[in-house]
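Undergrad: Sequence first, then the predicted structure:
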Amino acid sequence: MGRIAAPYGVKGWVKILPLTAAPETLLAHPQWWVRKRGGEAWTAHTLESGRRHGATLLAQLSGLVDREAAALLSGGDVGVPRAALPATAENEYYWADLIGLSVVNRQAVVLGKVEAVEDFGAHPVLRVRGDDGGARLIPFVAAYVDGVDTANARIDVDWQPDY
């Protein structure tokens, strides 16, 4: 739901780059899970205080008592328990649910698997990694996405292999 950009101040606060459509919703979650940059283990932290700061969030998390402790988490990921998130509506997806799904075009050619979902401003874009190691960027819009079937781990698209 966010990435820790840097420490903020000298009392253990961190600056968060939110990765959500409504950044302030992250502040409504009392418990955050933090994963150090490049790490695999997640650690629970209580949100002691937080506020919006322009396009970022500022947060004081339990266990971070000074700037040095906060700096150790720079570049780390911030998440919340899945159970704490609201259910999605029809044709609405959490980006995390799209990661790993196979992408298949109308000619039944498997283009690869979703490696990431990026947002460059206009709309989300699927980064699809093919078996050959090459990457494709496919706009996640109705014009190109025919359907998402999370139960069968598949996204159907109107996209050609040579695009």
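TA: Perfect, I can see it now. Residues are numbered from 1 along each chain as shown.
Undergrad: Give me the three-state assignment for the residue of the chain most remote from its centre.
TA: Using C-alpha atoms, centre = their mean, the residue of the chain lying farthest from its centre is residue 107. It sits 30.0 Å away. Under DSSP: H, G, I helix; E, B strand; the rest coil, the three-state class of residue 107 is coil.
Undergrad: and it, how far is that from residue 147?
TA: For residue 107, the distance to residue 147 (C-beta to C-beta, to the nearest Å) stands at 15 Å. For every residue, glycine as well, the C-beta is placed using N, CA and C.
Undergrad: Could you do residue 40 as well?
TA: Distance of residue 40 to residue 147, given as C-beta to C-beta: 32 Å.
Undergrad: When the two are compared, which one has more neighbours?
TA: residue 147 (10 against 6; other C-beta atoms under 10 Å).
Undergrad: Would you tell me what helix or strand the more buried one is located in?
TA: Applying DSSP states H and E as the criterion places residue 147 in strand 145-149.
Undergrad: who are the neighbours in contact with residue 111?
TA: 103-105, 128, 130, 136, 138, 157, 159, 161 (C-beta atoms under 8 Å, 6 or more residues apart in numbering).
Undergrad: Kindly recompute the last result at 6 Å.
TA: Residue 111 is in contact with 103, 128, counting by C-beta atoms under 6 Å, 6 or more residues apart in numbering.
Undergrad: Please apply the same query to residue 14.
TA: By C-beta under 6 Å, 6+ apart, residue 14 lies in contact with 4, 59, 70.
Undergrad: So the second one: helix, strand or coil?
TA: Going back to what we said before, that points to residue 59. strand.
Undergrad: Under the pLDDT cut-off, which ranges of this structure? List them.
TA: Applying pLDDT under 70 to the chain flags no residue at all.
Undergrad: top strand in it by residue count?
TA: strand 42-53 (DSSP state E).
Undergrad: What segments of the chain are helices?
TA: Remark: helices assigned in the chain by DSSP state H are 67-71, 95-98.
Undergrad: Which other helices and strands does the first one contact?
TA: In this case it means helix 67-71. On a contact count with 3 or more C-beta pairs under 6 Å, 6 or more residues apart in numbering; DSSP states H and E, helix 67-71 meets strand 2-8.
Undergrad: Please identify the buried residues of the strand it packs on?
TA: Across strand 2-8, burial judged by 16 or more other C-beta atoms under 10 Å covers 2-4, 6-8.
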